[in-house]
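*Asks:* only geometry, no sequence info:
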């Protein structure tokens, strides 16, 4: 399993560019953030909210056992995860990453969006966070195995 994660992360590591604080997300590139905002509105906002606020009671399971879509703003936990993991979650879907009997309505978008488009969506999300959250996330990415 660990080997699989490394194999999946290697192509992503090659996408990192200077100035991304050890991360993959081009959140300071206005063109990529703008594209990410458009893609977010088209692909993500229906569940995660146009304002990134997520669904109500997102920490409480639905009757079908799934969790509501969490917020992607600073009140959620998106920024608690390194870029490579966020990319994998969006690409493969939450159930595929968490495994076991974890249930989620979050599908994988790897067949819908390109790698660059996924990075741009996540860059848009990150660009909305307060500076102290961005700094904490950048520090996490710098420490993340890669």
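*Replies:* Received it, and whenever you're ready, just let me know what you need. This one's a predicted model, so the numbers in the text were calculated from it and none came from an experiment. Numbers count the residues shown, from 1 in each chain.
*Asks:* quick one, what contacts the residue positioned nearest the centre of the chain?
*Replies:* Nearest to the mean C-alpha position of the chain, counting by Cα atoms, centre = their mean, stands residue 86 at 3.5 Å. Going by Cβ atoms under 8 Å, 6 or more residues apart in numbering, residue 86 touches 25, 78, 122. Yep, even glycine has a C-beta here, placed from its N, CA and C like the rest.
*Asks:* Could you check which helix or strand contains the last one?
*Replies:* Read that as residue 122. Per DSSP states H and E: residue 122 is located in helix 115-127.
*Asks:* buried residues in that helix?
*Replies:* 117, 118, 119, 120, 121, 122, 123, 124, 125, 126, 127 (16 or more other Cβ atoms under 10 Å).
*Asks:* Surely the third one is in contact with residue 26?
*Replies:* Yes. Applying Cβ atoms under 8 Å as the test, residue 119 and residue 26 come out as touching, 6.4 Å apart.
*Asks:* Please enumerate the shared neighbours of those two.
*Replies:* Contacts common to residue 119 and residue 26, judged by Cβ under 8 Å, 6+ apart, are residue 32.
*Asks:* Quote the end-to-end distance of stretch 98-112.
*Replies:* Length of stretch 98-112, first residue to last, Cα to Cα, to the nearest Å: 21 Å.
*Asks:* State the mean pLDDT of it.
*Replies:* Averaging pLDDT along stretch 98-112 yields 92.
*Asks:* what about it, distance to the chain center?
*Replies:* Centre-to-centre, stretch 98-112 and its host chain are 13 Å apart (Cα atoms, centre = their mean, to the nearest Å).
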